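> Sequence plus predicted model, see below.
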Amino acid sequence: TSRTRTEPESLPPSLPPSNVDPNPALTKGSKDEWKDVLMLLPGSPHDEAMSWVLLNDTFSIPSEGDVHRIQQRYILAALYFSLQGSQWENNEHFLLPTSECEWYGVRCNSNSQVIHLDLERNNLTGQMPDVLGGLASLRTLSLFGNHLTGSLPSTISSLKALETLNLFAGDCFEECDIWGCENICECFGGLSGTVPPSAIKNMDNLVWISLGCNHFSGQIPSTLETLPNLEHLSLKYNNFTNTVSTTISDLTSLKVLDLSHNFLTGTIHDMVLRLQNLTNLRRILLHQNMLTGSIPSELGQLQSLGELFLDGNMLTGSIPSQLGQLQNLGE
C-alpha cells in the first residue's frame, strides 16, 4: 500500500484585480488617536494585540497618516495571539519591526494593503478573531490544514473583496493498493456550530469556498444565493443535516458542488431539481449522506458534468439512460 499526500482542495488560478474600491482616505493622527480607530474595528480587540501595537511596535510607518497600516498590524497581531503564533511552524517576521507585508503568509498590493493571507498547514490553534473582518482589501483567506476551533466569525461577510475562503480543517491522501487508488481525508476537528447566515452573504467577488472537515451542523445557509460569482462550494465532512435550499438554483456560475460525508436528508429527486438549471456544473459529490429515492433523469440535462458521486446513500431503482448521453461524464 502506498500513500501520497494530495491537496484537499485546489486553489483557483490567479484572478484579475478586484473591482472593489480600496480603503477610503484616512486622516492623520497620533497613536492616541489611532487607539480610537482600533477600537472601532469589528469584534473585541485582543488585549495583547492592542498592547503590542501601542507599546511595543517600533516599526516606522512610511506615511504618518497611513492609519490603515496600523489597523492591519493590529489585526494580524490579534490573529497571531489568538491562534498561538509562538507555536506556528513558521512565524517568520511576525511582530518584528518590519513591514507587515513581509510577515510570513502575508501579501500586499502596491498600496501596502493586505490582499492575501495564506497560513495553511502551519499549526494554527484556537478561535479566529472577529477583527479579521477589518482587512477590507483581503482577496484570499487560506487557513486550511490547521486546528481552528469555535464558530465561524460573522464578520467574514465584511470582507467584500474576498475571492477565496479556504478553512478546510484536515489533510487528504491518495491511498493506493492493487485494487486502485482512493482519496482519503483525515479531519482535525475544527470549527463548529451552525454557519451564521450573516457570515457569508452579499460577497460579490467570492468565487471559491471550502469549509470541509469541520463540525458545522444544521442548515446549509440560504444566504449562499447572494454569492453571484461562486464557482466552487465544498462543505464535505461536516454534520449538515438538512438539504440545500431551493435558492441554490441562483448560483448559475457554480462548477463544483461537494456536499459529501454529511447527514443530508430528503430525496435525491428534490436535490437534483434544485441543481438542474446549473448548466456549468462539472462535479457533483453527494456521496455518504442519507438521501433516498431513485436517481432522476433530469441529471442528463447537465451537459458539462464530468464527475458524479452518489454512493453511500439509500438510493433505489436503476441508473437513468440519460446519464449515458453525458459525453464528459467519467473522463
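The structure has been received and is ready for your questions. These numbers come from a predicted model, not from an experiment.
> Return the residues in contact with T265.
By Cβ atoms under 8 Å, 6 or more residues apart in numbering, T265 lies in contact with T241, N242, T243, N289, M290, L291, T292. In this view, the C-beta of every residue, glycine as well, is placed from N, C-alpha and C.
> Leaving out sequence neighbours, find the closest residue to the last one.
Looking back up the chat, that one is T292. Closest residue in space to T292, ignoring its immediate chain neighbours: M314 at 4.8 Å, by Cβ to Cβ, 6 or more residues apart in numbering.
> neighbours around that neighbour, how many?
When neighbours are counted by other Cβ atoms under 10 Å, M314 registers 12.
> For it, what are phi and psi?
phi -110, psi 60 (degrees, to the nearest 10).
> Please tell me I have it right and it contacts Q288.
No - between M314 and Q288 there is no contact under Cβ atoms under 8 Å: 11.3 Å.
> Okay, C181 and F309: tell me how far apart.
For C181, the distance to F309 (Cβ to Cβ, to the nearest Å) stands at 15 Å.
> for A49, same thing?
43 Å.
> who's more crowded, these two?
Between A49 and F309, counting by other Cβ under 10 Å, A49 is the more crowded of the two (24 against 14).
> looking at this, S249 is in a strand?
No - counting by DSSP: H, G, I helix; E, B strand; the rest coil, S249 falls outside a strand, being helix.
> Can you report how many residues neighbour it?
Per other Cβ under 10 Å, the neighbour tally for S249 reads 16.
> Tell me the confidence at it?
Per-residue confidence (pLDDT) for S249: 84.
> Test my guess that it contacts V272.
No - counting by Cβ under 8 Å, S249 does not reach V272; the two are 11.1 Å apart.
> what about the nearest residue to G266 once chain neighbours are set aside, distance to D57?
Nearest residue to G266, sequence neighbours excluded (Cβ to Cβ, 6+ apart): T243, at 4.2 Å. Distance from T243 to D57, counting by Cβ to Cβ: 49 Å.
> out of the two, which sits in the busier spot?
The residue with more neighbours, out of T243 and D57, is T243; 23 against 20, by other Cβ under 10 Å.
> helix/strand/coil for that one?
Going by three-state DSSP: T243 is coil.
> surely Q303 meets L326?
Yes - if you go by Cβ under 8 Å, Q303 and L326 touch, sitting 6.6 Å apart.
> the more surrounded of those two?
Of the pair Q303 and L326, L326 is the one with more neighbours under other Cβ under 10 Å, namely 18 against 13.
> In contact with that one, which residues are there?
L299, G300, L302, Q303, L305.
> how about L257, what does it touch?
Listed by Cβ under 8 Å, 6+ apart, the contact partners of L257 are L233, L275, L278, L281, R283, I284, L285.
> What distance do you get for the second one to M50?
With distances defined as Cβ to Cβ, the gap from L275 to M50 amounts to 47 Å.
> And for the fourth one?
Applying Cβ to Cβ, one obtains 46 Å for the distance of L281 from M50.
> between those two, which one's more packed in?
Just comparing L281 and M50: by other Cβ under 10 Å the higher neighbour count belongs to L281, 23 against 17.
> In this structure that one contacts T252, no?
No - at 9.9 Å, L281 and T252 do not qualify as touching, with contact defined as Cβ under 8 Å.
> Can you pull out the low-pLDDT segments for the stretch 101-250 of the chain?
Regions of the stretch 101-250 of the chain meeting the criterion pLDDT under 70 cover residues 180.
> please redo it, this time with the cut-off set to 50
Within the stretch 101-250 of the chain, not a single segment meets pLDDT under 50.
> Quick check: what element follows the helix ranked longest in the chain along the chain?
Longest helix in the chain, counting residues (DSSP state H): helix 67-82. The element immediately downstream of helix 67-82 (helix or strand, assigned by DSSP states H and E) is strand 106-108.
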